[in-house]
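Novice: Kindly return the folded structure for what I paste below:
(chains A, B, C and D)
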There are 2 protein chains.
Amino acid sequence: MVQKNFRRTRSDHASEVAEDYVEAIAGVIAEKGVCRSVDLVAHFEVTHATINNTVGRLQRDGLVVTEPYQPISLTVRGERLAAKSQARHEVVRDFLRRIGVSEANAAIDSEGIEHHVSRETLRAMRQVLKDGLPPEH
Amino acid sequence: MVQKNFRRTRSDHASEVAEDYVEAIAGVIAEKGVCRSVDLVAHFEVTHATINNTVGRLQRDGLVVTEPYQPISLTVRGERLAAKSQARHEVVRDFLRRIGVSEANAAIDSEGIEHHVSRETLRAMRQVLKDGLPPEH
DNA sequence: CCCGAATGTTAGCCAAGGCTAACTTTCAGT
DNA sequence: ACTGAAAGTTAGCCTTGGCTAACATTCGGG
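Specialist: Residues are numbered from 1 along each chain as shown, chains lettered A, B, ... in the order given. As a prediction, the model looks like this:
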């Protein structure tokens, strides 16, 4: 059938990296009050240099604000994106748990899957969590 | 809780691009006997130059074989990867259909999701397709 | 058989997202 | 108040996966 889904698959969501970062930043802020580079270094297991670089891109794109040697905070847009990502992430994780996936793998897989879940699929997952499977056919 | 899943999330599967390509190449070969660059241009909607480039990388990595101006075929490793990807892709697509996602969105989302599905999650999806949801808790 | 359209290749460019190495700033503890 | 360790920055490099433009090859129809 030869689909043409690739453009759309990749485009609907701002970069996955951006989503992962704002989500992580929001999480750290929720947990410790402020978020510093070093927290992201721990979270993503990449070097300080990479974090710096990426955070610079996020700032350029209007998702975070920071100044040299200062903590990183989210813009309103960044907060909105973080909230959306976190919510979606949680639904996916809970859903995987519900179909019988272990805690550990649900955590891992939901990280990757959340970025590829359309609104319809998210709705379907929520529905399953609430009312179980839809009737066959 | 600050996970460290990113390394693993990304590493379990050879590059997603490689999987998408071998899957597409296998599909074209199944459908038309041989696969040419132009088929991949149509499938992925990127330029000839990009296809050339990417196929070169796949050849370097031992997944495909081709010579200048000749069709592209899969190595044994390439075929194995394609078969695995196709099977996984199909399970994910069918599973999404089963939870109530439309044909169109199941096709799109399964493209993205398939690369992030662990063996355990795949098993859980197959199980749901066969016997429905596991009991709660 | 030969020529133009279709197909494929090469060169050169770019951004994202990684890295190391070297440097600077900040801050806690004596 | 100082100083060394922790945190952050900068410079320079790399690969992947995109692009365009220019060139090369192949092949089907007249």
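
Novice: Could you list the contact residues of chain A toward DNA strand C?
Specialist: When proximity is defined by CB under 7 Å from any atom of the strand, chain A lies next to DNA strand C at A:15-18, A:44-50, A:53-54, A:57, A:68-69. Placement of C-beta: from N, CA and C, glycine included.

Novice: Go back to the residues you listed and keep what's next to DNA strand D.
Specialist: Among the residues of chain A next to DNA strand C, the residues that sit close to DNA strand D (CB under 7 Å from any atom of the strand) are A:H48, A:A49, A:N53, A:P68, A:Y69.

Novice: I'd like to know which of the residues of chain A next to DNA strand C are part of strands.
Specialist: With strands taken from DSSP state E, there is no overlap with the residues of chain A next to DNA strand C.

Novice: Give me the number of neighbouring residues for the residue nearest to A:V34 when sequence neighbours are not counted.
Specialist: Once flanking residues are discounted, A:V34 sits nearest to A:P71: 4.0 Å by CB to CB, 6 or more residues apart in numbering or on different chains. Summarising burial for A:P71: neighbours were counted as other CB atoms under 10 Å in any protein chain shown, giving 17.

Novice: what about A:P71, distance to DNA strand D?
Specialist: Spatial separation of A:P71 from DNA strand D under the definition CB to the nearest atom of the strand, to the nearest Å is 7 Å.

Novice: ok, that residue - contacts?
Specialist: Applying CB atoms under 8 Å, 6 or more residues apart in numbering or on different chains to A:P71 gives the contacts A:V34, A:C35, A:R36.

Novice: measure it to chain B for me?
Specialist: In this structure, A:P71 and chain B are separated by 17 Å, where distance is defined by CB to the nearest CB, to the nearest Å.

Novice: nearest to A:L81, of the residues of chain A next to DNA strand C?
Specialist: Nearest to A:L81 among those is A:A18, at 7.1 Å by CB to CB.

Novice: hang on, isn't that closest one packed against A:L81?
Specialist: Yes. At 7.1 Å, A:A18 and A:L81 qualify as touching, with contact defined as CB atoms under 8 Å.

Novice: Once you drop chain neighbours, what's closest to A:L40?
Specialist: Closest residue to A:L40 in three dimensions, ignoring its sequence neighbours and counting by CB to CB, 6+ apart: A:I51, at 4.8 Å.

Novice: Please disregard the earlier target; I meant A:D61.
Specialist: A:A18 (6.9 Å).

Novice: Number of residues surrounding that neighbour?
Specialist: The burial count assigned to A:A18 is 20, neighbours taken as other CB under 10 Å.

Novice: so what's it up against?
Specialist: For A:A18, the contacting residues are A:L58, A:D61, A:L63, A:L81, taking CB under 8 Å, 6+ apart as the criterion.
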